[in-house]
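Asker: When you get a sec, could you give me coordinates for this:
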Amino acid sequence: MNNNFSNLEENIKVFIDKIGIKNPPVIKKFFIGKGDPIRAAIIYMNGISNKNIIDRDILKPLMINVKEDILHSKELPTYLCERYIYMSDTYVEEDIDNAVNSVKRGKTVILINDISNFIVVDTTGGKIREISEPVSESFMRGPREGFVENLEVNLSMLQRIVKDNNLSIETITVGRRSKTDVSIVYIDDVADKDIVNNIKNRVSAIDVDVVQESGIVEQLIEKYPYTIFPQVVTTEKPDRVVANIMEGRLAIIVEGTPFAMILPAIFTDFFQSVEDYYERTIISSFVRILRIISVLIVITLPSIYLIFIRFNTELIPIKFIIPIIQSRKDIALPPLLEILSMEIVLEFLREGGLRLPSKIGQTLSVVGGFIIGDAAIRARIVSPATIVVVGVAAVATFVIPNYEMSLSIRLIRFPILFLSNLLGVLGIAAGFYILVIHLYSLDSFGVPYLLSNKHRDLKDICIRAPLWKMDERPRSIPNNNPIRQTNFRNKFRRKK
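Answerer: Predicted coordinates for the structure are as follows:
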């Protein structure tokens, strides 16, 4: 929409009407020049604009430093930007709707009487959270900075790491009322164009009132809303985002949240950490194998214990069966309810610990677990062996590095537990069969979810090969530039 008004008062009224009288902007009228000065005004939003910058770099130069007679002309806004306004990010805007949107985002607009154009100055300010360590991701090695709630700061962290001119950042505004900026980040000559266009089209198609968090965008663009498995990887770490976009993936960063989304994602991505690449290959491979074992323990250990107790006690070694029988004497609950009750209590403690302040939450989880477990054993509600099995499975969930996937794995063990109670060993087999079929049926934005059919990718799935051997990008993620490094190690490889 082009501005059809040039009168100062009319323009101010249009701005107030478009911004809303319930949330009026700050308006300051003043004069520019000497002799026959020109009437002007600035408009900005209180709280999201930096008043010190406005006073020092806009009002002072225009009100005090202009010592000449100013002539009305279409070039006046450009002349003032180039000669008197100290800010580097200034431009002339012709569309009043764009100018209004700039004010809503913390910028300052300068209106000049009888001039239809506007001067837009970036005075974005207000208090934001300082860059700090990510809260949701613990690590021992690597950069300590994490994303914050400010989109410009988050993008600047990526730009400091990646200085490639192929780094592409495209920003789309979503939300009819919130007008939230959503940035899509990728490497232009690496990312697959079909995937890029697919994701851009999905984000552009979002038509809701408010977008407050990246999780809302995730749910609005995902293909399988009813699966329990996450289809994008979320992270607070800029280095993890960079590592993934270098493989041909895309990152989506939403204004107002420190959580970035990485997509497409495959199943094994959720059991890997960027820290794996900072450690030596044997250490990283051992940790990855440990994570796989922990997943199997979480899913199967309670069910296997239930099968041994209920169906196949003859498989338990004699040294163990006598203590187990003695510990189960006079137990009030059957084995299924024993395990189920303790699992649910642990979930209560875990979720309660997350919602409470950190120190109180940790105390609640540890002390609550000890007290409830000891009381349950003394009351003969559950056996000590059940407490051990449930406790080991609970500890194993903490090895899974991704919280969303950890929730999914914890949820899977309940249907498998019920199947095991009904069918024994066949129940576990049936549960895994259904699980694998479901995972094979999923895809993340066109990329198969479960396993890659590219054998070269195996060097970075269950184990992590030496970095110098990973000369190609993962073939499971479509990309336009498969080679990421040369065989430079030949220059200084050990001679036999």
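Asker: what about the helices in the stretch 301-450 of the chain?
Answerer: Ranges of helices in the stretch 301-450 of the chain, per DSSP state H, counting those that start in this stretch, are 318-327, 335-355, 358-378, 384-397, 403-423, 425-440.
Asker: Same list, the ones you listed, but as JSON lines with distance to Asn312 and mean pLDDT please.
Answerer: For the C-beta atoms, the positions are set from N, CA and C on the backbone; glycine is no exception. Shown next, in JSON lines, are these (distance: least, CB to CB, whole Å; pLDDT from 0 to 100):
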{"stretch": "helix 318-327", "distance to Asn312": "11", "mean pLDDT": "76"}
{"stretch": "helix 335-355", "distance to Asn312": "12", "mean pLDDT": "85"}
{"stretch": "helix 358-378", "distance to Asn312": "25", "mean pLDDT": "74"}
{"stretch": "helix 384-397", "distance to Asn312": "15", "mean pLDDT": "89"}
{"stretch": "helix 403-423", "distance to Asn312": "11", "mean pLDDT": "93"}
{"stretch": "helix 425-440", "distance to Asn312": "7", "mean pLDDT": "94"}
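Asker: do you know which of those helices lies nearest Ile112?
Answerer: Among the helices of the stretch 301-450 of the chain, helix 403-423 comes nearest to Ile112, with 52.0 Å by CB to CB.
Asker: Using CSV, list the CA coordinates for that closest one.
Answerer: Output in CSV follows, covering the C-alpha atoms of helix 403-423 (Å, rounded to 0.1, in the frame of the first residue of the first chain):
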residue,chain,number,x,y,z
TYR,A,403,14.9,-35.1,25.5
GLU,A,404,12.1,-35.5,23.0
MET,A,405,13.3,-38.9,21.9
SER,A,406,13.8,-39.8,25.6
LEU,A,407,10.1,-39.1,26.2
SER,A,408,9.2,-41.3,23.2
ILE,A,409,11.4,-44.2,24.3
ARG,A,410,9.9,-44.0,27.8
LEU,A,411,6.4,-44.1,26.4
ILE,A,412,7.2,-47.2,24.2
ARG,A,413,8.0,-49.4,27.2
PHE,A,414,4.4,-49.3,28.5
PRO,A,415,2.7,-51.0,25.5
ILE,A,416,5.5,-53.5,25.3
LEU,A,417,5.1,-54.2,29.0
PHE,A,418,1.4,-55.0,28.4
LEU,A,419,2.1,-57.2,25.4
SER,A,420,4.7,-59.1,27.4
ASN,A,421,2.1,-59.6,30.2
LEU,A,422,-0.3,-61.2,27.7
LEU,A,423,2.0,-63.1,25.3
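Asker: Which other helices and strands does that helix contact?
Answerer: Here helix 403-423 touches helix 281-310, helix 335-355, helix 384-397, helix 425-440, going by 3 or more CB pairs under 8 Å, 6 or more residues apart in numbering; DSSP states H and E.
Asker: of all those, which lies closest to Ile324?
Answerer: Closest to Ile324 of the helices and strands packed on helix 403-423 is helix 384-397 (CB to CB; 5.4 Å).
Asker: The closest one: which residues count as buried?
Answerer: 384-387, 389-390, 393-394, 396-397 (16 or more other CB atoms under 10 Å).
Asker: Next: stretch 44-64.
Answerer: Applying a neighbour-count criterion of 16+ other CB under 10 Å, the buried positions in stretch 44-64 are 44-45, 48-50, 53-54, 57-59, 61-63.
Asker: Pick the one among those closest to Ala99.
Answerer: Proximity of these to Ala99 (CB to CB) peaks at Tyr44, which lies at 11.6 Å.
Asker: The closest one contacts Leu111, doesn't it?
Answerer: No - judged on CB atoms under 8 Å, Tyr44 makes no contact with Leu111 at a distance of 11.6 Å.
Asker: picking up where we left off before, mind putting the helices of the stretch 301-450 of the chain in TSV, distance to Phe271 included?
Answerer: Below are the helices of the stretch 301-450 of the chain laid out as TSV (distance: least, CB to CB, whole Å):
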stretch	distance to Phe271
helix 318-327	31
helix 335-355	20
helix 358-378	23
helix 384-397	12
helix 403-423	7
helix 425-440	13
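Asker: Would you tell me which of these gets closest to Ile477?
Answerer: If you check each of these against Ile477 by CB to CB, helix 425-440 wins as the nearest, at 17.3 Å.
Asker: How far off centre is the closest one?
Answerer: 30 Å (CA atoms, centre = their mean, to the nearest Å).
Asker: Could you do stretch 333-353 as well?
Answerer: Counting by CA atoms, centre = their mean, stretch 333-353 is centred 30 Å from the centre of its parent chain.
Asker: Stretch 106-125 now?
Answerer: On CA atoms, centre = their mean, the centre of stretch 106-125 falls 34 Å from the chain's centre.
Asker: End to end on that stretch, go ahead and measure it.
Answerer: End-to-end distance of stretch 106-125: 7 Å, with CA to CA, to the nearest Å as the criterion.
Asker: Could you count how many residues lie near the closest residue to Asp89 other than its chain neighbours?
Answerer: What sits nearest to Asp89 in space, not counting adjacent residues and going by CB to CB, 6 or more residues apart in numbering, is Asp122, at 3.7 Å. For Asp122, the neighbour count with other CB atoms under 10 Å is 19.
Asker: Quick check: Asp122 touching Val103?
Answerer: No - using CB under 8 Å, Asp122 is not in contact with Val103; the gap is 11.6 Å.
Asker: Mind checking the pLDDT average for stretch 450-460?
Answerer: When pLDDT is averaged along stretch 450-460, the result is 73.
Asker: Now for Glu82, how many residues are close by?
Answerer: 10.
Asker: so what's it scoring on pLDDT?
Answerer: pLDDT for Glu82: 88.
Asker: so which strand or helix has Ile172?
Answerer: Taking DSSP states H and E as the definition, one finds Ile172 inside strand 167-174.
Asker: Return the list of helices and strands in contact with the next helix-or-strand element following that strand.
Answerer: On the C-terminal side of strand 167-174, the closest following helix or strand by DSSP H and E is strand 180-187. Applying 3+ CB pairs under 8 Å, 6+ apart, we find strand 180-187 packed against helix 151-161, strand 167-174, helix 193-204, helix 238-245, strand 250-254.
Asker: could the helices and strands packed on helix 403-423 be laid out in JSON lines, adding distance to Gln231?
Answerer: Formatted as JSON lines, these follow (distance: least, CB to CB, whole Å):
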{"stretch": "helix 281-310", "distance to Gln231": "18"}
{"stretch": "helix 335-355", "distance to Gln231": "23"}
{"stretch": "helix 384-397", "distance to Gln231": "21"}
{"stretch": "helix 425-440", "distance to Gln231": "12"}
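Asker: List the contacts of Asp181.
Answerer: 151, 171-173, 254-255 (CB atoms under 8 Å, 6 or more residues apart in numbering).
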